[in-house]
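Engineer: Pasted the sequence and its predicted model underneath.
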Amino acid sequence: MADRRPLLIKGGTVVNSDCKVKADVYCEDGIIKQVGLDLKDIPADAKVVDATGKLVMPGGIDTHTHMQLPFMGTVAIDDFYTGTRAALAGGTTMIMDFVLGPKNESLLQMYDRWRGWADAKVCCDYSLHVGVTWWSPQVREEMGTLVREKGVNSFKMFLAYKDVFMLRDDELLQSFERCKEIGAIAQVHAENGDIIHTQSKKMIEMGITGPEGHEMCRPEIVEGEATFRAITLASQVNCPIYIVHVMSKSAAQAVMRGKEMGCVVFGEPIAASLGTDGTNYWNKCWRHGAGHVMGPPLRPDPTTPSYLMNLLAKGDLDLTGTDNCTFNANQKALGKDDFRSIPNGVNGVEDRMCVIWEKGVSTGKMDPCRFVEVTSTMAARVFNIYPQKGVIRVGSDADIVVWDPEAVKTISAKTHYQAVDFNIFEGMKCRGVPVVVISQGRVCVENGKVEVVKGCGRFIPRQPYADVVYSRIHQRDKTCQPQKVEREPYTGPVIQIPSQ
Ligand code: URQ
Ligand code: ZN
Ligand code: ZN
């Protein structure tokens, strides 16, 4: 049983998004009780973690996972147990997964199904976004119920996956209006599904059936167009929008353009787009190429990861997830003769923190405070669970990672905790690793060992109207409404249109 005695983390440097300070941290009953030096009244039987020379940070929050997702004829191989155990192993102490039901299914029933799967298995706290994969008065109504009664404040709409999840522009507008009405944030999968449908068919007709066809049928302009279209639609109904899995320069530039025009938009690059690229689709090994197939695809421009990391470091992109949705070789092989049947999805939940530290902090692009912001704090703020999560502060949950900036590890499917038999970061050497991970005050990772309690994670409800999301929206509602011009009526001549 993972140790849950009172816990004293001694000798470390606490790193929050806004400051770093040498301080000890005392936790009891899953809550942070004291932060500082010379702490008082520490019980004799408290477990002591020596954090000398280490950084003490808020546990990572992965904003985007799909554990055991039924998808493209199979089910993602990492489930809520293996996926959250792997998350903890990598320093992530909360995941945000997606309820993703087929068209014409009740969102409420799908939510209950996902709760049933997750509650029994999660080893760390979790929350759920809900996919809006079809539109009707019932969907509209159920979105309200999910916000009022089920702790949901985020909905994902798709501009891709034609005939499966995709919504038309008029449906997107209505779903965005509904999100605005109920104080939710609208998330979008931004790719033009009609172009993908047409162009992928052409690829197959040309005999291009391999993973390279998956990228060539939907180049980054197809992601960029849909990204700016979604931002435009949302802005016209004064709805805050969140672009999930930003995979390309084109999508990132659309996010920046939207921000420059004053839109309330958040961009989420993921471990994959920050840590690797689409040249892998041209690898001679089919399994290797297929192992990188996801939507939107990784991009063959090898400068993309560094470009996205620069934007993340400077705040043009906002926070990170992984879109973890894993499939073994024998599942990916469903598409061995036609890339359109390769189940889309890659790993990331275990390696996100190390990849972003390696590519972001070790390279000098961002400092540890910004690292905390993009891996934990901003997620807590955008999804309205701050300061319960996302900060080392008295009263916050004891979700903590003790980080050794000097330790090194090499990422490999041979040693990772995930269930999947492939790792898109295979062989990546990382300096900077989580050495102790604490979830709800329980030490789950220590001395290279992972000890978790299946099912002990909690569903974390989220209230609507997150301040960082809605403060500008509310202000615009008050002061930016269209106003009519009072004028004398026109009394001059009017032509007569001859009747047909
Ligand atoms: O589109 C998503 O986010 C889900 C279906 C996971 N798969 C993927 O390739 N991104
Ligand atoms: Zn998506
Ligand atoms: Zn996803």
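Structural biologist: Okay, I see it. Ligands and ions are numbered 1, 2, ... in the order given.

Engineer: going forward, measure contacts between C-alpha atoms and count neighbours the same way
Structural biologist: Fine.

Engineer: Show me what the helix or strand encompassing Tyr307 is in contact with.
Structural biologist: In the assignment (DSSP states H and E), Tyr307 maps to helix 304-314. Applying C-alpha atoms under 8 Å, 6 or more residues apart in numbering, the contact partners of helix 304-314 are 248-249, 252, 269, 273-277, 317-319, 359-360, 365-366, 370, 374.

Engineer: Now with 7 Å, please.
Structural biologist: Helix 304-314 has contacts (C-alpha atoms under 7 Å, 6 or more residues apart in numbering) with 248-249, 273-277, 317-318, 360, 365-366, 370.

Engineer: what sits against the closest residue to Val349 other than its chain neighbours?
Structural biologist: Once flanking residues are discounted, Val349 sits nearest to Ala87: 5.3 Å by C-alpha to C-alpha, 6 or more residues apart in numbering. Contact analysis of Ala87 by C-alpha under 7 Å, 6+ apart lists 93, 349-350.

Engineer: Mark which of those are part of strands, please.
Structural biologist: Taking DSSP state E, the ones among the contacts of Ala87 that sit in strands are Thr93.

Engineer: Write the ChimeraX selection for whichever of the contacts of Ala87 are buried.
Structural biologist: To isolate the buried members of the contacts of Ala87 in ChimeraX, using 16 or more other C-alpha atoms under 10 Å:
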select :93,349,350
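
Engineer: still on that earlier bit, in the helix holding Tyr307, what's buried?
Structural biologist: Quick answer for helix 304-314 (16+ other C-alpha under 10 Å): 304-313.

Engineer: Which single one of these is nearest to Phe155?
Structural biologist: Of all the buried residues of helix 304-314, Leu312 has the smallest distance to Phe155: 23.0 Å, by C-alpha to C-alpha.

Engineer: What distance do you get for that closest one to Trp135?
Structural biologist: 33 Å (C-alpha to C-alpha, to the nearest Å).

Engineer: try Arg458
Structural biologist: 30 Å.

Engineer: And for Glu212?
Structural biologist: For Glu212, the distance to Trp135 - C-alpha to C-alpha - is 33 Å.

Engineer: who's more crowded, these two?
Structural biologist: Here Glu212 and Trp135 are compared on neighbour count by other C-alpha atoms under 10 Å; more neighbours surround Glu212, at 23 against 17.

Engineer: Burial check on whatever residue of the stretch 1-150 of the chain ends up closest to ligand 1, number of neighbours?
Structural biologist: Going by C-alpha to the nearest ligand atom, ligand 1 is nearest to His66 of the stretch 1-150 of the chain, at 6.5 Å. Applying other C-alpha under 10 Å, we find 28 residues neighbouring His66.

Engineer: Could you pull up the residues touching it?
Structural biologist: Counted by C-alpha under 7 Å, 6+ apart, His66 has contacts 97-98, 323-325.

Engineer: So for it, what's the pLDDT?
Structural biologist: Per-residue confidence for His66 comes out at a pLDDT of 98.

Engineer: Repeat that for Asp3.
Structural biologist: So Asp3 comes in at 60 (pLDDT).

Engineer: One more: Gln500?
Structural biologist: Per the predicted model, pLDDT is 85 at Gln500.

Engineer: Give me the neighbour count for it.
Structural biologist: The local packing of Gln500 (other C-alpha under 10 Å) involves 3 other residues.

Engineer: Kindly report the same for Thr415.
Structural biologist: Neighbour number of Thr415 under other C-alpha under 10 Å is 8.

Engineer: so what's the residue lying closest to Pro269 once chain neighbours are set aside up against?
Structural biologist: Of all residues not flanking Pro269 in the chain, Val246 sits nearest, at 4.5 Å (C-alpha to C-alpha, 6+ apart). Val246 sits next to 252, 267-270 when contact means C-alpha under 7 Å, 6+ apart.
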